[in-house]
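# kindly return the folded structure for what I paste below:
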Amino acid sequence: MYFVSRNVKSLWPLFFTAFLFSAFIGCERAVNINDTGDSLPPVVPQDAAIVWAGDGSVEIDWTPVDEVNIKGYNVYRSVNDTMHLQLRSFTTSSYFIEDSLDYGTVYYYRISALNDQNVESVKGNWLIAKPVNIYAPITPSELEINARNWEGEGPLVFLKWRINPEGDIAGYNIYRSERPDFNADTNSFAGFSSTYYFTDRKNLQLSKTYYYRIKAVDKGGKTSEQSSIVSDMIFDKASPVFPADNATVDFFDEFKIKAIKHAANYRIILQTNPLFGEIWSKDFNAGNASGSDTISVKFDASGISAGTTYYWRIITFSPDNPEPNSISNLFNFTIKPQY
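You can find the predicted model right below:
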């Protein structure tokens with residue numbers, strides 16, 4: 001008895017150490033000795049932190065869980081308190097970005113890991129963020145312009161630009177002038193757009209050049225620096241000379257048109273019906289032709305049939321702009337039947 005008792009006593013430190021080790025492991029996650037291992041919850045994501053909170057956006061980063069069967073991470077959020085925590089997003093990345101948030105609202109986040117058996121870890125520590133308005137937006141870029149005098153639409157000026165990357169953009173202020181050196185201020189304000197484009201129809205005149213700038217505006221009222229200037233002129237419409245509208249003509253080898261007042265690129269389009277069916281087109285430049293000049297354009301289409309009515313129009317383009325500036329009314333002619 002004494003021998004057994006003495007040996008039990010000598011083994012007691014080992015039993016105690018094993019007990020402490022198992023207790024420590026149990027604090028991290030529960031272990032079921034009958035479990036195969038696939039359904040064990042992952043460990044909690046570590047080092048989760050708010051890396052940015054401002055201008056209506058929040059960015060969170062954490063260390064990826066080093067387990068082979070990790071599927072991704074659940075991001076939970078509660079607004080203005082910790083009582084209404086809800087799943088906000090699932091991500092396979094070790095970071096989360098959220099924008100379009102309110103400047104004055106406090107957001108509470110917790111992160112958990114999810115394995116490929118959809119077993120979830122314990123949620124991590126609370127993270128707190130208030131995305132207050134800090135910086136003005138960056139200057140808008142890639143501003144493009146297209147003056148238009150189209151059939152049934154015009155005169156107008158259409159603008160488009162690249163959307164700003166910030167998540168708190170409310171829209172864009174548009175500024176217009178007839179001076180190429182103007183500043184974007186209250187004197188030149190032309191309108192506001194909440195999208196990436198703007199159509200200006202106010203008090204526009206043909207054969208006049210208009211200059212534009214824009215500024216981005218965030219939800220807190222901060223504005224960007226003014227953009228670079230773009231400009232365009234709204235052209236008048238080129239006029240047909242031959243064939244005249246509703247004319248019946250013999251086969252011919254030249255169109256004749258009257259040029260517009262300003263330097264432009266031209267395109268004649270020939271169709272088989274009023275809406276579509278283009279069978280021929282010709283691009284050309286009129287050089288120094290003015291509004292009083294008649295231009296002859298070689299007509300070299302094949303497959304034109306006698307007794308058939310065709311439709312044509314003239315399109316002009318501003319130099320270096322692929323979008324139509326003016327589009328003439330639609331005209332038609334009929335090739336004389338052959339008897």
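# contacts, neighbours, all on C-alpha from now
OK.
# which residues touch stretch 69-79?
The contact list for stretch 69-79, computed with C-alpha atoms under 8 Å, 6 or more residues apart in numbering, reads 42, 84-94, 96, 105-116, 118.
# narrow those to just the buried residues.
The neighbour-count test (16 or more other C-alpha atoms under 10 Å) marks 42, 90, 94, 96, 106-115 as buried among the contacts of stretch 69-79.
# which of the residues you listed lies closest to residue 151?
Closest approach to residue 151 among the buried ones among the contacts of stretch 69-79 (C-alpha to C-alpha): residue 96, at 49.3 Å.
# ok so, going back, adding pLDDT and distance to residue 199, write the buried ones among the contacts of stretch 69-79 out as JSON lines.
Shown next, in JSON lines, are these (pLDDT from 0 to 100; distance: C-alpha to C-alpha, whole Å):
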{"residue": "42", "pLDDT": "97", "distance to residue 199": "54"}
{"residue": "90", "pLDDT": "98", "distance to residue 199": "39"}
{"residue": "94", "pLDDT": "98", "distance to residue 199": "42"}
{"residue": "96", "pLDDT": "98", "distance to residue 199": "37"}
{"residue": "106", "pLDDT": "98", "distance to residue 199": "38"}
{"residue": "107", "pLDDT": "98", "distance to residue 199": "38"}
{"residue": "108", "pLDDT": "98", "distance to residue 199": "41"}
{"residue": "109", "pLDDT": "98", "distance to residue 199": "42"}
{"residue": "110", "pLDDT": "98", "distance to residue 199": "45"}
{"residue": "111", "pLDDT": "98", "distance to residue 199": "45"}
{"residue": "112", "pLDDT": "98", "distance to residue 199": "47"}
{"residue": "113", "pLDDT": "98", "distance to residue 199": "48"}
{"residue": "114", "pLDDT": "97", "distance to residue 199": "49"}
{"residue": "115", "pLDDT": "96", "distance to residue 199": "51"}
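# now the two most distant members of those.
Among the buried ones among the contacts of stretch 69-79, 106 and 115 lie farthest apart (C-alpha to C-alpha), at 30.0 Å.
# tell me the spacing between residue 82 and residue 259.
Distance, residue 82 to residue 259, using C-alpha to C-alpha, to the nearest Å: 72 Å.
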